[in-house]
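> After the sequence you'll find the predicted model.
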2 protein chains.
Amino acid sequence: MTLYAVQALRRCRLARTRQRQSTERHQEILEAAARVITDRGLAETRISDIAERCGVSPGLILYYFASKDRLLIEALTYANDKFYLGQSRELRRMSAAREQLDRLIELSVPGLLPEYERLDEWALWIEIWVRALRDPTMAEEREALDRRWRRSIADIVRHGRSTGEFSENGVDADELGLRIGAFIDGLAIQVLMNDTSMPPERMQQVCREVAANMIGFSLDAEPTPS
Amino acid sequence: MTLYAVQALRRCRLARTRQRQSTERHQEILEAAARVITDRGLAETRISDIAERCGVSPGLILYYFASKDRLLIEALTYANDKFYLGQSRELRRMSAAREQLDRLIELSVPGLLPEYERLDEWALWIEIWVRALRDPTMAEEREALDRRWRRSIADIVRHGRSTGEFSENGVDADELGLRIGAFIDGLAIQVLMNDTSMPPERMQQVCREVAANMIGFSLDAEPTPS
DNA sequence: CCCGAGTTTGAACCATGAGTCAACCTGGGT
DNA sequence: ACCCAGGTTGACTCATGGTTCAAACTCGGG
């Protein structure tokens, strides 16, 4: 019995290190997949591309994921999750709602910030949309991701109202999350498409203006006069 | 010389009937392709699907189009063109700008109107976006289509201002076309995705409200009191 | 009624890429 | 040193579907 317990314990420890290694591989693959999808597009993404990016053989990809389809869906949501969590953490550190809003907009403009290692979120979004049109699993995921995104805007509005930065204007915070979110979506598409009439800087400017209008504060009035 | 001329004339007449037949086939195929794309998605569309829809052999498709890719691009723009022209003609017949705006919004909400034979415009738009990300030809087409769409909104604003329905509010009409267009885009995506928080009716309502806000008129005030 | 340019067919060809598999490697436990 | 479970490989199988092509068909003109 003692012997058995010790063995079990050891097996468990081994299993744990292996498991960690294994989840690392998982993430590594998901990361690579997201990267390849942004580069080549979902439709053109081959398993061997992902494998190559990982410096690994194609067979291994299917050792970790049941099928290409599953992997792609997971990769899309994984990338979005990662981006969202980073943004969310950053915003929570800021105290001023207007600062939060500015940063959120800044992060939402495709190509505005030099993308450190960040892949382009919006290109992935479009792929998510296409996929969600026919794939119920993806559709569900998308709705959850979208809800979260809208809520983060609504939260900024609520925060600003609670601190008095924004005044009540009769429009529900969730409703504003929806409207501002939709507006950002629409513009982001154009910027992503390299539309000549919508360079990143202009999108940023327009977003700030329209958001201010909708929320009901003036961009000119300095919120915290020095 | 006379003989030659007569022969030429006849050949020309023959050629003309043949040409008409040929362009009909072209359109027939484009139509079928657009239909299949909405049904199955761009990525899942096979040449044989399109052929089947036409009641024609797969080989014929490639007799009329150099390659699958070319066909798909043409089909996407063809469908959009057709929709736009129909809408444009209809709007031009209306005199009141607010009526035009209402109708434009109505037509922009996915699934609001029972789609007579109309295929879903917005599903095609998303496919266009995905494609345009990597295909320069498609990118160019998209920008032109988008510009046209924004302009039709701006024109409504200009029209309303010229008749006095809308008052000047310091925002350029083109700028409003851009903003309202982007907003509609963003919402349409959610409706198309069957997002539970955005049923078609709600989108319509929100669009009317936000457009009224941006343009600067009140929905309550009847423009033409009986 | 025959000719031939333009259409249409469907089988054949071929490249691609997902998924499988048997052999091989690795590193911790004994 | 040896064991072996899990990780890794890369060649192979197989289905799919775009593209080609030679033969068949259509139909207006002579």
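Nice, I can see it. Numbers count the residues shown, from 1 in each chain, chains lettered A, B, ... in the order given.
> Mind pulling up the pLDDT for the residue nearest to the spatial centre of chain A?
Nearest to the geometric centre of chain A sits A:N80, at 3.1 Å (Cα atoms, centre = their mean). Per-residue pLDDT puts A:N80 at 96.
> and if you look at the one 3 residues further on?
pLDDT for A:F83: 94.
> quick revisit: residues in contact with the residue nearest to the centre of chain A?
A:E121, A:L124, A:W125, A:I128, A:L145 (Cβ atoms under 8 Å, 6 or more residues apart in numbering or on different chains). Glycine gets a C-beta too; all of them are placed from N, C-alpha and C.
> which residues does the third one contact?
Right, A:W125. Taking Cβ under 8 Å, 6+ apart as the test, what A:W125 contacts is A:N80, A:A188.
> Against B:D39, how distant is it?
When Cβ to Cβ, to the nearest Å is applied, the distance between A:W125 and B:D39 equals 23 Å.
> same deal with A:T38?
27 Å.
> repeat for A:L60
As for A:L60, its distance to B:D39 is 36 Å (criterion: Cβ to Cβ).
> so which strand or helix has A:Q19?
helix A:2-40 (DSSP states H and E).
> Correction: the previous question concerned A:L113.
Remark: A:L113 resides in no helix or strand, with elements defined by DSSP H and E.
> List the contacts of A:N169.
When contacts are taken as Cβ under 8 Å, 6+ apart, A:N169 is in contact with A:I215, A:G216.
> Checking it next. Helix, strand or coil?
Reducing the assignment at A:N169 to three states with DSSP: H, G, I helix; E, B strand; the rest coil gives coil.
> same check, this time on A:F183
Applying three-state DSSP: A:F183 is helix.
> Could you check how far the residue lying closest to it once chain neighbours are set aside is from B:R158?
Spatially, and ignoring its direct neighbours in sequence, A:F183 is nearest to B:F183 (5.1 Å; Cβ to Cβ, 6 or more residues apart in numbering or on different chains). Relative to B:R158, B:F183 is positioned 19 Å away (Cβ to Cβ).
> more crowded one of those two?
When neighbours are counted by other Cβ atoms under 10 Å in any protein chain shown, B:F183 comes out ahead of the other of B:F183 and B:R158, with 24 against 18.
> ok so, going back, settle it for me: which of A:T38 and B:D39 has more neighbours?
For the pair A:T38 and B:D39, the greater number of neighbours falls to A:T38 (20 against 15), based on other Cβ under 10 Å.
> so that one touches A:D120, yeah?
Yes. Contact between A:T38 and A:D120 holds when scored by Cβ atoms under 8 Å: they sit 5.4 Å apart.
> Could you pull out the buried residues of whichever strand or helix holds A:S152?
With the criterion set as DSSP H and E, the secondary-structure element containing A:S152 is helix A:136-163. Of the residues in helix A:136-163, those buried by neighbour count under the rule 16 or more other Cβ atoms under 10 Å in any protein chain shown are A:138-139, A:141-143, A:145-147, A:149-161.
> Run through those residues and flag the ones next to chain B.
With the criterion set as Cβ under 8 Å from any Cβ of the partner chain, the members of the buried residues of helix A:136-163 near chain B are A:A139, A:R142, A:E143, A:D146, A:R147.
> what would the residues you listed look like in TSV with distance to A:T196 and pLDDT?
Conversion of these to TSV gives the following (distance: Cβ to Cβ, whole Å; pLDDT from 0 to 100):
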residue	distance to A:T196	pLDDT
A:A139	33	97
A:R142	29	97
A:E143	33	97
A:D146	28	97
A:R147	33	97
